[in-house]
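1. No sequence on hand, only this structure:
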């Protein structure tokens, strides 16, 4: 087939701190990427301008022209209306009712499709990693926060207000640690990167010894997920225990999902999982099977996603492919 | 329309202790019922024989003949395969892989349809009480245990192993009270009738004063949900507090469901709710809105079902109506 008759899709992962854009071919191979800071404090129009620029950079990086691109998919943090392409509300961007699709289409002159970022990541994993096979899939993404996405009966499920999948705010320990949402004992307050860091920093303040302070200094300001892995591999039992506890909470959350939704596959992704898969995954799987009701978890796969940071842009490209067929 | 051209459906609620059968007309009016003990210790074939007899009694009670009935729907406790009509496993009946549909059809010579009991109850509430309107509905049933059913995109959702909706075993208090399933801190161990009774009986053993012992004697052997209501209305602050706590846990479970599934309506039924709606419902609603993520619960209704014990037989009749159209 001649180069010019090929189809290309652009996927955008619009985060609170960075914008990532990737160009994909029909087989979902990523041909090139571009990255830019979000600068959400400048307001929606300025951010959308930056998204347009980032898309342009990614297309240019691949030596393509805009007219060769079938469409641009955007995963946005918060509730979105796929039909109108509006972001209904996105607390992390301080956006409310922003006409993302319309505004971006005016700039790019390419069709734009908008979805929630965790839905998009789940879609990316479903289509690229799992070849579209599982009929029911739950995606759980462990990072600074914890998000989730649902594919039920082969379709993205987003519920009445299009906010389904907020698994990070499922309470699993009534009266537990305070969460950013104002409640206590949410999954996110127990097993996100922030929750792990908070526990470590507070213990260090109370005199806990850890290799992390040798590596990074006493205030642990630059702590990253990878540092936890390094400390554990060098034999730091304290860090190991904190990470194990987070894995146990994650396993309980997975069991709750299996009991309630009985999906065929639960996939766990996000930056924390990418850095600590070897340390967390076996514990997550064991705990999930322990807590799932007997007989309900038979044949259900609990997997770590290998897509990492690319899950968002991949899923956004899938969204375009689905819509432009 | 002549009597003889009317359509009738029989709905059966097959429980671990009793069998309830009801005859319904096309508008889901209940024309007559019959009831029988289950006697599950006699084994599957004997129980199915009793179901057949109970169905016959209900039809006879309405002065109808079997040939006037379009079909029999059965709500069975446990995982069922609607296509084959087999009960895959039902721990409370000690059934495994029982060909309920085939065996009952042989006895009755009427088409039989089988579904999980909590799915069936949710279907009954959806069609009769809510006129089939909500696109996404979650049913939560508080009784001896806690069960749930899901209608997503207008259809019963049962997941990969057909066991979805096991909301009673969602962990909401890690390390909390022991549950019948072997884990700790399940919703069922915190807010079912058994959980409430256990907390009261254990406090009484430790010297707690309550009107319940005046009403029923010191061992509280015959305690029923209605007694709790009576004690509260007579001013028993201890019982009031225990019931309030169960309502708070239920509200948290409802919030978890709203965060994860974002249904249009959450309906709460079951014997405990029927007896204690006035005491529990306001607290459940308030707590659910407190714990739901901001913006996700807008316009979502949290309702108490008024169908009570009839939810199961009504839903089973709906199942027949859906299948015989």
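-> Cool, got the structure. Note that the structure is a prediction, hence the values are computed from the model and not measured.
2. Tell me where the stretch 101-250 of chain A has strands.
-> Using DSSP state E, counting those that start in this stretch, the strands of the stretch 101-250 of chain A run over A:112-116, A:137-142, A:146-152, A:155-156.
3. Okay, domains of chain A per the record?
-> Following automatic domain parsing, chain A resolves into domains at A:3-125+A:310-323, A:130-304.
4. Turn the strands of the stretch 101-250 of chain A into a markdown table, columns for mean pLDDT, distance to residue A:105 and mean neighbour count.
-> C-betas here are computed from N, CA, C, even on glycine. Output for those, formatted as a markdown table (pLDDT from 0 to 100; distance: least, Cβ to Cβ, whole Å; neighbours: other Cβ atoms under 10 Å in any protein chain shown):
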| stretch | mean pLDDT | distance to residue A:105 | mean neighbour count |
| --- | --- | --- | --- |
| strand A:112-116 | 97 | 5 | 26 |
| strand A:137-142 | 97 | 28 | 29 |
| strand A:146-152 | 97 | 24 | 27 |
| strand A:155-156 | 94 | 21 | 17 |
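5. Identify whichever of those lies nearest to residue B:137.
-> strand A:146-152 (14.2 Å; Cβ to Cβ).
6. do that closest one and chain B meet?
-> Yes. Judged by Cβ under 8 Å from any Cβ of the partner chain, strand A:146-152 comes into contact with chain B through A:148, A:150, A:152.
7. Which single one of these is nearest to residue A:173?
-> When those are compared for distance to residue A:173 (Cβ to Cβ), residue A:148 wins out at 17.8 Å.
8. residues touching that closest one, list them.
-> Going by Cβ atoms under 8 Å, 6 or more residues apart in numbering or on different chains, residue A:148 touches A:118, A:122, A:138, A:139, A:140, A:141, A:165, A:166, A:167, A:168, B:260.
9. For it, which non-adjacent residue is spatially closest?
-> Leaving aside its sequence neighbours, residue A:148 sits nearest to residue A:167 (Cβ to Cβ, 6 or more residues apart in numbering or on different chains; 3.5 Å).
10. Surely the one you found touches residue A:186?
-> No. Residue A:167 is beyond contact range of residue A:186, at 9.5 Å (criterion: Cβ atoms under 8 Å).
11. And the pLDDT at the residue nearest to residue A:148?
-> Per-residue confidence at residue A:167 stands at 96 (pLDDT).
12. Can you report how many residues neighbour it?
-> 26 (other Cβ atoms under 10 Å in any protein chain shown).
13. Roughly how far does it sit from residue B:173?
-> From residue A:167 across to residue B:173, the span is 17 Å (Cβ to Cβ, to the nearest Å).
14. Adding distance to residue A:99, write the strands of the stretch 101-250 of chain A out as JSON lines.
-> Output for the strands of the stretch 101-250 of chain A, formatted as JSON lines (distance: least, Cβ to Cβ, whole Å):
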{"stretch": "strand A:112-116", "distance to residue A:99": "10"}
{"stretch": "strand A:137-142", "distance to residue A:99": "26"}
{"stretch": "strand A:146-152", "distance to residue A:99": "23"}
{"stretch": "strand A:155-156", "distance to residue A:99": "21"}
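15. Of the ones you listed, which is nearest residue A:47?
-> Minimum separation from residue A:47 across the strands of the stretch 101-250 of chain A (Cβ to Cβ) falls at strand A:112-116, 13.4 Å.
16. what sits up against that closest one?
-> Residues external to strand A:112-116 that are found in contact with it (Cβ under 8 Å, 6+ apart): A:71-82, A:85-87, A:100-101, A:104-105, A:123, A:149, A:156, A:158, A:162-163, A:165, A:315-316, A:319-320, A:323.
17. With stretch A:177-192 instead?
-> By Cβ under 8 Å, 6+ apart, the surrounding residues in contact with stretch A:177-192 are A:142-146, A:167-176, A:194-195, A:198, A:245-247, A:249-250, A:253, A:272, B:173, B:290-291, B:293-294.
18. near chain B, which residues of the stretch 201-325 of chain A show up?
-> Residues of the stretch 201-325 of chain A found near chain B (Cβ under 8 Å from any Cβ) are A:249, A:252, A:255-257, A:259-264, A:290-291, A:293-300.
19. pLDDT averaged over stretch A:292-311, what's the number?
-> Averaging pLDDT along stretch A:292-311 gives 94.
20. what's the spacing between that stretch and its chain's center?
-> Using Cα atoms, centre = their mean, to the nearest Å, the mean C-alpha position of stretch A:292-311 is found 15 Å from that of the whole chain.
21. what do you get for stretch A:127-146?
-> Put simply, stretch A:127-146 sits 9 Å off its chain's centre (Cα atoms, centre = their mean).
22. From one end of that stretch to the other, what's the distance?
-> With Cα to Cα, to the nearest Å as the measure, stretch A:127-146 spans 21 Å from end to end.
23. Repeat that for stretch A:179-195.
-> From its first residue to its last, stretch A:179-195 covers 9 Å (Cα to Cα).
24. how far does it sit from the chain's center?
-> For stretch A:179-195, the distance to the chain centre is 16 Å (Cα atoms, centre = their mean).
25. Following the chain onward from the longest helix that chain A contains, which element is next?
-> Secondary structure of chain A read by DSSP state H shows that its longest helix is helix A:237-261. Per DSSP states H and E, the first helix or strand lying C-terminal to helix A:237-261 is strand A:265-269.
26. Give me the helices and strands touching the following helix or strand past that following strand, please.
-> Using DSSP H and E, the next helix or strand after strand A:265-269 towards the C-terminus is helix A:271-291. If contacts are counted by 3 or more Cβ pairs under 8 Å, 6 or more residues apart in numbering or on different chains; DSSP states H and E, helix A:271-291 sits against strand A:137-142, helix A:193-205, helix A:225-233, helix A:237-261, strand A:265-269, strand A:301-304.
27. Just name the most buried of those.
-> Between the helices and strands packed on helix A:271-291, strand A:137-142 has the highest mean count of neighbours, a mean of 29, where neighbours are mean count of other Cβ atoms under 10 Å in any protein chain shown.
28. which residues touch residue A:231?
-> With Cβ under 8 Å, 6+ apart, residue A:231 has these contacts: A:210, A:211, A:212, A:215, A:239.
29. hmm, 6 Å instead?
-> By Cβ atoms under 6 Å, 6 or more residues apart in numbering or on different chains, the contact list for residue A:231 reads A:211, A:212, A:239.
30. Can you lay out the helices and strands packed on helix A:271-291 as CSV showing distance to residue A:276?
-> Formatted as CSV, the helices and strands packed on helix A:271-291 follow (distance: least, Cβ to Cβ, whole Å):
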stretch, distance to residue A:276
strand A:137-142, 9
helix A:193-205, 9
helix A:225-233, 6
helix A:237-261, 6
strand A:265-269, 11
strand A:301-304, 10
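31. between the residues of strand A:146-152 next to chain B, which is closest to chain B?
-> The closest of the residues of strand A:146-152 next to chain B to chain B turns out to be residue A:152 (Cβ to the nearest Cβ; 6.1 Å).
32. so where's chain A uncertain?
-> Along chain A, segments meeting pLDDT under 70 span A:1-5.
33. Who are the contact partners of residue A:48?
-> Residue A:48 neighbours (Cβ under 6 Å, 6+ apart): A:103, A:104.
34. outside of stretch A:15-24, which residues touch it?
-> Stretch A:15-24 is contacted from outside by A:8-13, A:30-38, A:51, A:54-55, A:58, A:62, A:92-93, A:313, A:317, using Cβ under 6 Å, 6+ apart.
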